[in-house]
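1. okay, sequence plus prediction incoming.
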Amino acid sequence: MRRESRAAARERLTAISRLLRERYPTAECALRYEGDPWRLLVMGRLSAQCTDARVNEVAVPLFARYPTAAAMAAADPRELEALVRPCGLFRTKARDLILASRRLTEVYGGRLPDSMEELLTLPGVGRKIANLLLGDIFGRSCVVADTHMIRLSGRWGFTPEDKRDPLLVERTLTPLLSEENASELCHRAVLFGREVCTARSPDCRHCELCRAGLCRFSERSRYE
Ligand code: SF4
C-alpha cells in the first residue's frame, strides 16, 4: 500500500464520496423497512449471509405476524424459524431475534437504545448492525463495514486489500469522513459495489473514480 498523509487520504475519500453522490443522489438503505425502527434491527440480523432482496421478501409476512418487539419476544421459536428459514441460519437467527426483542421490551420499553454500547448488548447485534441503526435511525455518521465497503476500501487503497477486517475499515474510514455522511457513503457503496466495482470483475473502464485518478486498484492495474 502506498503511504499517504492523513490530509491527502481525507481529501481523496471526500472526492470519492462526492462522485458517488453524483451517481446515486438518493442514498437509501437496501433493506426496506417501514414503521417501528426495531424492524431494521430484525432485517439487519436476517441479512447475514443472505441477500437484501430475500430479506425484503421475508419481512412482509414476518412483520404481519409479529408487528412489534413485544410480539416477537413472545414468539413460538418453531413458528418464527419457519418464517425466517429462507434467509438461512434460521435457528440461530430466530433465537437471536427472540432474545433481542425480549431484552428490548424488558430493558428499553420496546425502543431502540441510541448508543453503540447498549446496542451491542442485544443478542445478534454486532458493530455492523449497530452502525447501521445509529446511522439510519439516529442520524449519526457511521461506517457500516459490510462486504462491499470492505472490498471498496481495499481497492481504493485505504486498507490492505487482502485483509477482510471490518473493524479496521471502520476505524480507518471514520476519521477521514468528518465532513461527509459516512452512513450515506456506505449505502452508495452497496449500489456501486453491485453495479460497477463488483467482487468478480470491477468495471474500471466505465468508472468515474478511475477517470479522476482516485482509485489505487485501477492505478496498479494500469501498470501491471
Ligand atoms: S476504478 Fe475499478 S477498482 Fe476502482 S472503484 Fe472503479 S471499478 Fe472499482
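-> In hand now; what should we look at? Note that the coordinates shown come from a computational prediction; the quantities given were computed from them, not determined experimentally.

2. with residue 94 as the reference, measure out to the residue most central in space within the chain.
-> Centroid check for the chain by C-alpha atoms, centre = their mean gives residue 144 as the closest residue, at 4.2 Å. Distance from residue 144 to residue 94, counting by C-beta to C-beta, to the nearest Å: 24 Å. For the C-beta atoms, the positions are set from N, CA and C on the backbone; glycine is no exception.

3. OK, contacts around residue 202?
-> Counting by C-beta atoms under 8 Å, 6 or more residues apart in numbering, residue 202 touches 155, 196, 217-218.

4. want to throw these into a markdown table with secondary structure, neighbour count and pLDDT?
-> Below are the contacts of residue 202 laid out as a markdown table (DSSP: H, G, I helix; E, B strand; the rest coil; neighbours: other C-beta atoms under 10 Å; pLDDT from 0 to 100):
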| residue | secondary structure | neighbour count | pLDDT |
| --- | --- | --- | --- |
| 155 | helix | 21 | 97 |
| 196 | coil | 18 | 97 |
| 217 | helix | 20 | 90 |
| 218 | helix | 19 | 83 |
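
5. out of those, which touch the ligand?
-> Intersecting those with the surroundings of the ligand, defined as C-beta under 6 Å from any ligand atom, gives 155, 196, 217-218.

6. packing partners for the worst-scoring helix or strand of the chain on mean pLDDT?
-> Within the chain, no helix or strand scores below helix 216-223, which has a mean of 76 by mean pLDDT, DSSP states H and E. Packing partners of helix 216-223 (3 or more C-beta pairs under 8 Å, 6 or more residues apart in numbering; DSSP states H and E): helix 147-156.

7. sweet, I'm off.
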